[in-house]
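Q: just a sequence and a predicted model for now, questions to come.
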Amino acid sequence: MAAHLNRARPNRMARVTDRRSYARRRLLAGTLGLSLLGGFGALRYGGRFTARAGDATKPGSAQPQVGLAADDNSAAVDDPATRRLTLKHAATHYNNAYEFGWDKTDPYRRSGKFKLEPWAVTFDGLCRRPGTFGVDDLMGMPFSHLEERIYDFRCVEAWSMVIPYNGRPLRDLIEAVEPMTSARYVAFTSVLRPDEMPGQASPFSSLDWPYVEALTIEEAVHPLTFATFGVYGDRSLPQNGMPLRITVPWKYGFKSAKFIVRITFTEQRPAATWHLETPSEYGWYSNVYPSISHPRWSQATERRIWGDGKIERIPSRPYNGYAEQVAHLYPGSKQQYR
């Protein structure tokens, strides 16, 4: 089980999906038929989940067995899925998006010119149904009906947050475009807009734009890997990687690509931006391994940021607390998956 601090939790009644809203979501699902975009529309509606170690899939399971909040409010308030979150202000004003700059406040301060729409994502490479699709098509439903998952986010810089992500399993999108059996990796390319993203235009940036990250196909279709269209129920936050990012909770945060405009299926392992920049510091896999230090700092502990100046030093966990669900993907020495 993921370690959780013994702290009093505030009453989170407002976060829990009430019975009437949940019933309305189910009704909408039936009425719309989820046929807006064929394969992309075939998604479960509604639901509020917390993915925690021990809650999700065992190897071979079809769906993550995460804790669905009960329809009845009184029961849901006591549900273990009701977790303390990092305050939205902290999660949206302290983060890394080097496309906007190198300071933690740059993504918030310097993203005002960034256009969230229109937005399209191209699927190409080794897949049978390549194409370009609008972000609303990829959601397959109104934003308000997307699944919410609460994940621990762990930065390679040894700080962390607890964030609610709105989206759907990335596997849904991947299966809809039918990867070929020869596809072993998935590359995610971010948008290149130096006129709107001043970090890309900076002469001091050493990164090779556009930003590219990659996963193995097994990682990409794992039930925990999440196509994310918003956080905290808000899709208008470019500083957090919108309108489309992925969330891979057992890896260091830079592996969760932001501002995605292209998803490519390949047989050969793609180059990844940070690994290409400094391979000794940023491994290609970059799973969270507390026992393997970054060359410049320990990964044994992390600063858990709650907001309003509240920060705790807590032990880090293998695979960020999701070892039970994902460790089977990485047989052998951890060093080869750093």
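A: Yep, that arrived. Being a predicted model, the structure only gives us computed values, none of them experimental.

Q: check the chain and tell me which residue is nearest its centre.
A: The chain has Thr247 as the residue nearest its centroid, 1.3 Å off, counting by Cα atoms, centre = their mean.

Q: pLDDT wise, what is the nearest residue to it once chain neighbours are set aside at?
A: Spatial nearest neighbour of Thr247, excluding adjacent residues (Cβ to Cβ, 6 or more residues apart in numbering): Phe226 at 4.3 Å. Where C-beta positions appear, they are placed from N, C-alpha and C, glycine not excepted. In this prediction, Phe226 carries a pLDDT score of 98.

Q: Phe226 bridge partners, please.
A: Beta bridges link Phe226 to Pro169, Thr247, judged by DSSP bridges.

Q: next, count neighbours for Pro295.
A: 7 (other Cβ atoms under 10 Å).

Q: isn't it up against Gly283?
A: No - counting by Cβ atoms under 8 Å, Pro295 stays clear of Gly283, with 11.1 Å between them.

Q: list the contacts for the residue nearest to Thr247?
A: Applying Cβ atoms under 8 Å, 6 or more residues apart in numbering to Phe226 gives the contacts Arg149, Tyr151, Tyr165, Gly167, Arg168, Pro169, Leu170, Ile246, Thr247, Val248, Pro249.

Q: one step back: distance of the residue nearest to the centre of the chain from Val186?
A: According to Cβ to Cβ, to the nearest Å, Thr247 and Val186 sit 14 Å apart.

Q: ok, back up a step: which of the contacts of Phe226 tops the neighbour count?
A: Pro249 (28 neighbours).

Q: relative to Glu117, how far out is that one?
A: Pro249 is 27 Å from Glu117, where distance means Cβ to Cβ.

Q: ok, now Thr225?
A: For Thr225 relative to Glu117 (Cβ to Cβ), the value is 25 Å.

Q: more neighbours: those two, which one.
A: Ranked by neighbour count (other Cβ under 10 Å), Thr225 and Glu117 place Thr225 first, with 24 against 11.

Q: I'd say the more buried one and Leu170 touch.
A: Yes - the criterion here is Cβ under 8 Å, and Thr225 meets it with Leu170 at 4.6 Å.

Q: list residues touching both of these two?
A: Ile246.

Q: how about the helices in the stretch 151-300 of the chain?
A: Per DSSP state H, counting those that start in this stretch, the stretch 151-300 of the chain carries helices over the ranges 170-177, 198-201, 217-220, 273-277.

Q: how about those helices in a markdown table, adding mean pLDDT and distance to Leu85?
A: Shown next, in a markdown table, are those (pLDDT from 0 to 100; distance: least, Cβ to Cβ, whole Å):
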| stretch | mean pLDDT | distance to Leu85 |
| --- | --- | --- |
| helix 170-177 | 98 | 22 |
| helix 198-201 | 97 | 28 |
| helix 217-220 | 98 | 26 |
| helix 273-277 | 96 | 27 |
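
Q: so which of the ones you listed gets nearest Asp137?
A: Closest of these to Asp137 is helix 170-177, at 10.1 Å (criterion: Cβ to Cβ).

Q: off-centre distance for the closest one?
A: How far helix 170-177 lies from its chain's middle: 15 Å, per Cα atoms, centre = their mean, to the nearest Å.
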